[in-house]
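Engineer: Kindly generate the corresponding structure for this input.
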Amino acid sequence: MPSQPSKDLETFENPRPGRDYTIRIRIPEFTCLCPKTGQPDFATLHLEYVPRARCVELKALKLYVWSFREEGAFHEAVTNRILDDLVAATDPHFMRLTAEFNVRGGIYTTVVAEHRHPEWQAPAPVSLP
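Structural biologist: Take a look at the predicted model:
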């Protein structure tokens, strides 16, 4: 049976909940529709997060991203909606979604949205010689 788009974001238990580590996911085939013209918008999404108890399952993420293909959305709104949905599903320490949209009318748009759990403190950066 072929896969279908879905708004369900499946998760799995973080295999190392006692360690802060970063998961980076690149999603180069995001599409939605311009709410003004109905023309397709294309973007590469960059998801970075420090998980707490749950991680997002990649096939579910792919089907979730696919579900926006026929929806009209402003760049700013869809980026924040995706971040909100991912935060609701995973409750991470930290999550950043960067959406790099392809050119539209001679203008490139990049939207960056972040979530930080109120109880989490980022570790100090390490500088190696």
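
Engineer: For stretch 100-115, buried residues please.
Structural biologist: Buried residues in stretch 100-115, counted by 16 or more other C-beta atoms under 10 Å: 100-101, 109, 111, 113, 115. To be clear about C-beta, it is placed using only N, CA and C from the backbone, and glycine gets the same treatment.

Engineer: Equivalent analysis for stretch 62-81, please.
Structural biologist: 62-66, 68, 72-73, 75, 78-80.

Engineer: same check, this time on stretch 24-36
Structural biologist: 27, 30, 32-33.

Engineer: With pLDDT and secondary structure added, can I get the residues you listed in JSON lines?
Structural biologist: Putting those into JSON lines (pLDDT from 0 to 100; DSSP: H, G, I helix; E, B strand; the rest coil) gives the following:
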{"residue": "Ile27", "pLDDT": "98", "secondary structure": "strand"}
{"residue": "Phe30", "pLDDT": "98", "secondary structure": "strand"}
{"residue": "Cys32", "pLDDT": "97", "secondary structure": "strand"}
{"residue": "Leu33", "pLDDT": "96", "secondary structure": "strand"}
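
Engineer: Now do Ala53: how many residues are near it, please.
Structural biologist: A count of nearby residues for Ala53, using other C-beta atoms under 10 Å, gives 11.
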